[in-house]
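Chemist: next input, structure requested:
(2 chains)
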Protein chains: 2
Amino acid sequence: MFIKEIGEFGLIDRLARKLGQPDESVIVGIGDDAAVLQVKEGYQVVMTTDMLVEGVHFLPQTISFHNLGFKSVAVSISDIAAMGGIPKHAVISLAIPPMVHVESLESLYEGVAEICSQHGTHVVGGDIVKIQERLVISVTLLGEVETGRALLRSGAKPGDVVFVSGTVGGSAAGLSLLQGEGDRVSVTERDKLIEFHQRPEPQVLLGRLLQQSGSCTSCNDISDGLASELNEIAQASGVGMEIDRLAIPIHSAVRSFASAVQKDPLDFALFGGEDYQLVGTARADGFPALQMRAREMGISLTRIGIVTKEKGVWLTSGGQEPRLIEAKGYCHF
Amino acid sequence: MFIKEIGEFGLIDRLARKLGQPDESVIVGIGDDAAVLQVKEGYQVVMTTDMLVEGVHFLPQTISFHNLGFKSVAVSISDIAAMGGIPKHAVISLAIPPMVHVESLESLYEGVAEICSQHGTHVVGGDIVKIQERLVISVTLLGEVETGRALLRSGAKPGDVVFVSGTVGGSAAGLSLLQGEGDRVSVTERDKLIEFHQRPEPQVLLGRLLQQSGSCTSCNDISDGLASELNEIAQASGVGMEIDRLAIPIHSAVRSFASAVQKDPLDFALFGGEDYQLVGTARADGFPALQMRAREMGISLTRIGIVTKEKGVWLTSGGQEPRLIEAKGYCHF
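Modeler: Take a look at the predicted model:
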């Protein structure tokens, strides 16, 4: 079915029906000039926004509408997680080419509803407009964080441990695989890599743990790539880092794939991006307890290096000469 | 200068420099994973979002980058005004074609800064991405409103006065003029109509007056057109309306232009849209005081009709048969 058959308002009705019931923090939801939201006393608002463009951020041939909806909101939830916040309220705007089917958009909204329900997040508004060539998705997400307690990028101190959660490089390997090198690895590995790419898991619980621990000194989520995020923390904090090449957690499926396509798995890990894991720093004396509590929650937290007084982010590797890790993430222009 | 010469981060630096200093409600602004914002005690958050697409919502030949920036934020501020709120924090995402000059985007941000400084609103974040064909702008705005006191669409009661602020139809006449019929009116009228179209004035002060008066029972801002907004209020409130054709406030420049192009000025007024005036209902006994207080603030508030128990929005005109005003505003699909 084409949108013109049911009109803009007909489409909004259908999409809204895919969403769950909002909680009591949503005083006015979809349908008025603006949403009205209640913020808990003692909390501040955390606000983030991301825009995704077809052909730039996603390709119709490498992600379904369902997973596109899931991922579009997941990337914003990940930003709230990196601040140690709780994701609460989203608005979603879509610029839609005329030939996109209503059913595809319903599927996209089922993906949105799936990730939202996982995190107690509610869609409270949006905008739907026409565009000729390609789908554009804009998500703005509000979260809450205890007043004065947001995790920033700027608190890293020399001597702190540098850590990363989960594994890195999986999303980039998954995309590379989806773009045509899928027959080089086992089916299990293939599925894992595709999942890394299409269905990132924002680390909200970990962000809360880090924020409440009192020993986490900085935090970032991995959107542009580990190299880029480490440099952002180092610059914002006015410090440097030494990262141990062998300590960087890379999933075995990424290693298999990299080997099959004759690439260095480290390139996926450092420069791939879109892992949506958390990277940050913690006081050395507090890190073991943090790591243990994360493990109890089923989350791996790996020490990958140390914060230094000397500027620059350096990769060390056994006896070899350290090399500078540059912030080359994805650049649009 | 092209963006590729300075990169995405170079561009963000340049645009951020166009913005004023944020106030103390902005705990963390541009530069981290998310902004951190302080909401005043006793207030709720009001949240709205709008997406504007080149060739659909604006044409390069009918609006400058400066005024495009101004208007993009003005339309969202208008939504906050319609809720009776105070606009506070904006995030702006841009999808930019590669051939757009850095200077054009700086100019756009000067327009953003102009409207923001008029309303004490601060840009606290955004996203900048590439697109091939056409500029897309997404603005999400947060406002504050006293807890439980937001103006909704749903409170109109039979017997209430229907009012509109300022004049209507000017923006549509201005667009029509800019698209090629500019030599039909005087220079003064021409300038006025272009201003209506390019530089709408969101009615924040009026929204606050209406919200605090206690006698305003519903409110909407005019984005899609007076006809569409009246129908939205009537539907949301489960009532009808009788609108007096002769009472609808139409600027003399719109009348001149309509006459010159042989159109009915009422079509611009009812179906034109983008006036960003406020339309709403108020208790009949409270309206005269409301009107007087608005006049003291330099704002005209015109009684254009009455709320009825019978459904439908009807246009009455002297001895003529009433006719139904349908909600035909702009439909994208």
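Chemist: domain parsing for chain A?
Modeler: For chain A, the structural domains run A:3-146, A:161-324, going by automatic domain parsing.
Chemist: could you dump these to a markdown table with mean pLDDT, mean neighbour count and distance to B:Arg14?
Modeler: Any C-beta I mention is one placed from the backbone N, CA and C, and that applies to glycine too. Formatted as a markdown table, those follow (pLDDT from 0 to 100; neighbours: other C-beta atoms under 10 Å in any protein chain shown; distance: least, C-beta to C-beta, whole Å):
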| stretch | mean pLDDT | mean neighbour count | distance to B:Arg14 |
| --- | --- | --- | --- |
| domain A:3-146 | 96 | 21 | 19 |
| domain A:161-324 | 95 | 20 | 18 |
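Chemist: which of these sits closest to chain B?
Modeler: Among the domains of chain A, domain A:3-146 comes nearest to chain B, with 3.7 Å by C-beta to the nearest C-beta.
Chemist: could you dump the domains of chain A into TSV and include distance to B:Val39?
Modeler: TSV is the format used below for those (distance: least, C-beta to C-beta, whole Å):
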stretch	distance to B:Val39
domain A:3-146	5
domain A:161-324	19
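Chemist: can you give me the end-to-end span of stretch A:147-159?
Modeler: 27 Å (C-alpha to C-alpha, to the nearest Å).
Chemist: quick one: list the elements packing against the host helix or strand of A:Leu94.
Modeler: Secondary structure from DSSP states H and E places A:Leu94 in strand A:86-96. Using 3 or more C-beta pairs under 8 Å, 6 or more residues apart in numbering or on different chains; DSSP states H and E, the elements in contact with strand A:86-96 are strand A:35-37, helix A:65-82, helix A:102-119, strand A:122-130, strand A:136-146, helix A:204-213, strand B:43-53, strand B:136-146.
Chemist: could I get these in JSON lines, plus columns for distance to A:Ser176?
Modeler: JSON lines is the format used below for the helices and strands packed on strand A:86-96 (distance: least, C-beta to C-beta, whole Å):
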{"stretch": "strand A:35-37", "distance to A:Ser176": "39"}
{"stretch": "helix A:65-82", "distance to A:Ser176": "17"}
{"stretch": "helix A:102-119", "distance to A:Ser176": "23"}
{"stretch": "strand A:122-130", "distance to A:Ser176": "32"}
{"stretch": "strand A:136-146", "distance to A:Ser176": "23"}
{"stretch": "helix A:204-213", "distance to A:Ser176": "27"}
{"stretch": "strand B:43-53", "distance to A:Ser176": "31"}
{"stretch": "strand B:136-146", "distance to A:Ser176": "28"}
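Chemist: quick one: which of those is nearest A:Met51?
Modeler: Closest approach to A:Met51 among the helices and strands packed on strand A:86-96 is made by strand A:136-146 (4.7 Å; C-beta to C-beta).
Chemist: close to chain B, is that closest one?
Modeler: Yes - applying C-beta under 8 Å from any C-beta of the partner chain, one finds that strand A:136-146 is in contact with chain B at A:136, A:138, A:140, A:142-143, A:145.
Chemist: coming back round to it: kindly calculate the angle that the strand holding A:Leu94 makes with strand A:43-53.
Modeler: 30 degrees (axes from the mean of the first three to the mean of the last three C-alpha atoms, to 10 degrees).
Chemist: enumerate the residues of the stretch 151-300 of chain A near chain B.
Modeler: A:152-154, A:219-221, A:236.
Chemist: run the last query once more with 7 Å
Modeler: Applying C-beta under 7 Å from any C-beta of the partner chain, we find that the stretch 151-300 of chain A lies next to chain B at A:152-153, A:220-221.
Chemist: thinking again about what came up before, B:Thr188: which of the domains of chain A is closest?
Modeler: domain A:3-146 (32.8 Å).
Chemist: still on that earlier bit, which residues touch the strand holding A:Leu94?
Modeler: Residues outside strand A:86-96 that contact it (C-beta atoms under 7 Å, 6 or more residues apart in numbering or on different chains) are A:3, A:25, A:35, A:37, A:73, A:77, A:80, A:112, A:116, A:119, A:121-131, A:135-144, A:204, B:47, B:49, B:51, B:53, B:136, B:138, B:140.
Chemist: kindly report the same for stretch A:218-235.
Modeler: By C-beta under 7 Å, 6+ apart, the list of residues contacting stretch A:218-235 from outside reads A:75, A:78-79, A:81-82, A:84, A:151-156, A:164, A:168, A:210, A:237, A:240-241, A:243, A:269-281, A:313, A:325-330, B:33.
Chemist: can you do 6 Å?
Modeler: Residues from elsewhere that reach stretch A:218-235 (C-beta atoms under 6 Å, 6 or more residues apart in numbering or on different chains): A:78, A:82, A:151, A:153, A:155-156, A:168, A:210, A:237, A:240-241, A:270-273, A:275-281, A:313, A:325, A:327, A:329-330.
Chemist: and stretch A:309-325, by the same measure?
Modeler: A:158, A:227, A:230-231, A:234, A:240-245.
Chemist: please report phi then psi for A:Ile3.
Modeler: phi -60, psi -40 (degrees, to the nearest 10).
Chemist: next, name the residue at the spatial heart of chain A.
Modeler: When C-alpha atoms, centre = their mean is applied to chain A, the residue found nearest the centroid is A:Tyr276 (3.3 Å).
Chemist: how far away is A:Ala247 from B:Ile12?
Modeler: Noted for A:Ala247: a distance of 32 Å to B:Ile12, by C-beta to C-beta, to the nearest Å.
Chemist: what segments of the stretch 151-300 of chain A are helices?
Modeler: A:170-176, A:187-198, A:204-213, A:226-237, A:252-260, A:265-271, A:287-296 (DSSP state H, counting those that start in this stretch).
Chemist: hmm, who's touching the first one?
Modeler: What it means is helix A:170-176. A:193-194, A:196-197, A:251, A:254, A:257, A:268, A:272, A:274-275.
Chemist: adding distance to B:Glu296, write the residues you listed out as JSON lines.
Modeler: Listed next are the contacts of helix A:170-176 as JSON lines, based on distance: C-beta to C-beta, whole Å:
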{"residue": "A:Leu193", "distance to B:Glu296": "67"}
{"residue": "A:Ile194", "distance to B:Glu296": "65"}
{"residue": "A:Phe196", "distance to B:Glu296": "62"}
{"residue": "A:His197", "distance to B:Glu296": "61"}
{"residue": "A:His251", "distance to B:Glu296": "68"}
{"residue": "A:Val254", "distance to B:Glu296": "68"}
{"residue": "A:Phe257", "distance to B:Glu296": "71"}
{"residue": "A:Phe268", "distance to B:Glu296": "66"}
{"residue": "A:Gly272", "distance to B:Glu296": "62"}
{"residue": "A:Glu274", "distance to B:Glu296": "56"}
{"residue": "A:Asp275", "distance to B:Glu296": "58"}
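Chemist: still on that earlier bit, which of the contacts of stretch A:309-325 lies closest to A:Thr62?
Modeler: Minimum distance to A:Thr62 across those is 23.2 Å, recorded for A:Ala227 (C-beta to C-beta).
Chemist: okay, now the sheet partners of the strand holding A:Leu94, with direction.
Modeler: Sheet pairing for strand A:86-96, assigned by DSSP bridges, gives strand A:122-130 (parallel), strand A:136-146 (antiparallel).
Chemist: shouldn't A:Arg323 be within a strand?
Modeler: Yes - counting by DSSP: H, G, I helix; E, B strand; the rest coil, A:Arg323 is part of a strand.
Chemist: could you give the bridge partners of it?
Modeler: Beta bridges link A:Arg323 to A:Leu315 when assigned by DSSP bridges.
Chemist: so who does the nearest residue to A:Pro200 once chain neighbours are set aside touch?
Modeler: Excluding its sequence neighbours, the residue lying closest to A:Pro200 (C-beta to C-beta, 6 or more residues apart in numbering or on different chains) is A:Tyr276, at 3.9 Å. A:Tyr276 makes contacts with A:78, A:200, A:202, A:221, as judged by C-beta under 6 Å, 6+ apart.
Chemist: okay then, goodbye and thanks.
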